[in-house]
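A.B. asks: Here is my input; please provide its structure:
(one chain, ligands or ions: 1)
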Amino acid sequence: MNHFPHTRMRRLRQTKHLRDMFNMPFPAPEKFIWPTFVVSGSGIKEEISAMPGQYIFSPDMLVAEMNALISSGISSVLLFGIPNEGKKNKTGSSALLKDDSVYKAISLLRTSYPELTIFTDVCMCAYTNHGHCGILDESGHLDNDASIKQLAEIAIHHAKAGATGVAPSAMADGQVLGIRKKLDEHGFINTLIMSYSTKFASSFYGPFREVEQSSPGGGNRVAYQQSMADSKQALRESLLDEVEGADILMVKPALSYLDIIVKIRQKTNLPLATYNVSGEYSMLHATAEKGWGNLYEMASETLLAMNRAGADILISYWANQYGKLIKDNH
Ligand code: PBG
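C.D. replies: This is a model prediction of the structure:
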């Protein structure tokens with residue numbers, strides 16, 4: 001007799017305790033990584049208009065901001081640099097300077113919070129004047145192998161400043177292997193690689209590209225980022241990075257790719273992160289502003305879904321508002 005009227009699902013939901021007993025917990029703050037933006041200078045905390053509650057910080061202001069996050073249990077950041085005015089060039093070389101905003105922010109954060117888990121985005125799109133994620137060859141295409149060398153230099157630069165881990169996001173073939181080798185050669189054997197292993201050519205990066213002014217000047221990224229319509233290739237991308245030595249894999253964006261998270265989770269025992277990207281954040285704000293939904297309830301619902309799909313780690317702008325998320329999800 002396993003159907004109505006003998007079976008009644010509502011029996012299981014009738015008291016708060018019963019619901020609590022069966023519900024999975026809302027992901028703990030330790031599961032979150034807060035992505036944030038740094039610019040050179042001091043005293044700067046500038047709100048990003050397309051992303052309410054998110055800011056561009058100078059290193060000193062980021063350090064000040066971290067106090068509140070750390071008290072709410074958030075223990076990790078993912079840093080994106082914004083190069084100084086006029087510093088973009090063909091090879092993105094200003095990412096390698098000691099006065100680059102990321103280098104400075106890592107050093108300052110490391111001094112102030114020795115235990116903080118600091119990841120850095122390793123990519124060139126914000127630093128190149130053409131806006132692509134690597135170095136271009138003479139025909140204007142991304143030169144994969146030349147880009148790996150430059151990405152590995154950036155990774156070393158961040159490791160020297162004190163990064164816990166580097167997160168290569170250029171979708172260059174072999175970038176994880178190239179970076180691992182270089183880190184090891186320089187003695188950074190404990191620097192983690194959190195690979196943007198399956199990164200889709202998505203329309204949800206809009207607000208981010210506005211902040212970073214990193215839209216490609218010509219063409220798009222479909223020749224290196226993953227096609228959303230090829231799920232077999234999407235799995236291969238992550239599994240290859242595992243072989244190359246990634247410590248943490250990632251699916252990005254999150255919401256439109258929960259099926260991919262489920263599938264990769266089944267095929268690897270590595271920790272799996274998902275990146276809840278700028279467009280996903282801004283779209284909830286836009287909905288809430290119109291009065292069409294409760295902001296933090298919607299945010300919590302989406303974050304729980306990512307965790308339920310199998311993402312152990314949530315890279316999310318919501319991390320700096322963790323206290324407002326609904327931890328009591330019933
Ligand atoms: C850099 C990079 C991007 C994002 C993270 N790293 C943009 C892109 O690939 O165009 C997007 C993050 C977001 O939208 O929040 N390659």
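A.B. asks: okay but Ala234 is in contact with Ile260, surely?
C.D. replies: Yes - under the contact definition of C-beta atoms under 8 Å, Ala234 touches Ile260, with a separation of 5.2 Å. For glycine as for every other residue, the C-beta is placed from the backbone atoms N, C-alpha and C.
A.B. asks: Check the contact lists of the two and give me the overlap.
C.D. replies: Common neighbours of Ala234 and Ile260 (criterion: C-beta atoms under 8 Å, 6 or more residues apart in numbering): Thr198.
A.B. asks: where are the low-confidence patches of this protein?
C.D. replies: Under the criterion pLDDT under 70, the flagged ranges of the chain are 327-330.
A.B. asks: Quick one: name the residues of it near the ligand.
C.D. replies: Asp121, Cys123, Cys125, Cys133, Ser169, Tyr205, Phe208, Arg209, Ser214, Val277, Ser278 (C-beta under 6 Å from any ligand atom).
A.B. asks: tell me which of those residues is nearest to Arg10?
C.D. replies: Val277 (37.3 Å; C-beta to C-beta).
A.B. asks: how about that closest one, what does it touch?
C.D. replies: For Val277, the contact set (C-beta under 8 Å, 6+ apart) comprises Ser202, Phe204, Tyr205, Phe208, Lys252, Pro253, Ala254.
A.B. asks: now, which of the residues of the chain next to the ligand lie within helices?
C.D. replies: Counting by DSSP state H, the residues of the chain next to the ligand place Phe208, Arg209, Ser278 in helices.
A.B. asks: Surely the second one and Ser215 touch.
C.D. replies: Yes - with contact defined as C-beta under 8 Å, Arg209 and Ser215 form a contacting pair (4.6 Å).
A.B. asks: returning to what we had before: inside strands: which ones of the contacts of Val277?
C.D. replies: With DSSP state E as the criterion, strands contain Lys252 from among those.
A.B. asks: Identify the farthest-apart pair in the contacts of Val277.
C.D. replies: By the measure C-beta to C-beta, the contacts of Val277 have their two most distant members at Phe208 and Ala254, which lie 13.8 Å apart.
A.B. asks: Please give the number of neighbouring residues around His6.
C.D. replies: Taking other C-beta atoms under 10 Å as the neighbour definition, His6 ends up with a count of 7.
A.B. asks: Now do it against the ligand, distance only.
C.D. replies: Remark: distance between His6 and the ligand (C-beta to the nearest ligand atom, to the nearest Å) = 49 Å.
A.B. asks: Is that residue located within a strand, as I assumed?
C.D. replies: No - when classified by DSSP: H, G, I helix; E, B strand; the rest coil, His6 is found to be coil rather than part of a strand.
A.B. asks: That one and Arg265: what is the separation?
C.D. replies: His6 sits 35 Å away from Arg265 when distances are taken as C-beta to C-beta, to the nearest Å.
A.B. asks: With Gly92 instead?
C.D. replies: The value you get for Gly92 to Arg265, if C-beta to C-beta is used, is 33 Å.
A.B. asks: quick one, which of these two is more surrounded?
C.D. replies: For Gly92 and Arg265, the more surrounded residue by other C-beta under 10 Å is Gly92, and the numbers stand at 26 against 17.
A.B. asks: Phi first, then psi, for the more buried one.
C.D. replies: The main-chain torsion angles of Gly92 are listed as degrees, to the nearest 10 and equal phi 70, psi 30.
A.B. asks: could you list every residue that touches it?
C.D. replies: If you count contacts by C-beta under 8 Å, 6+ apart, Gly92 has them with Met124, Ala126, Tyr127, Thr128, Ile135, Gln150.
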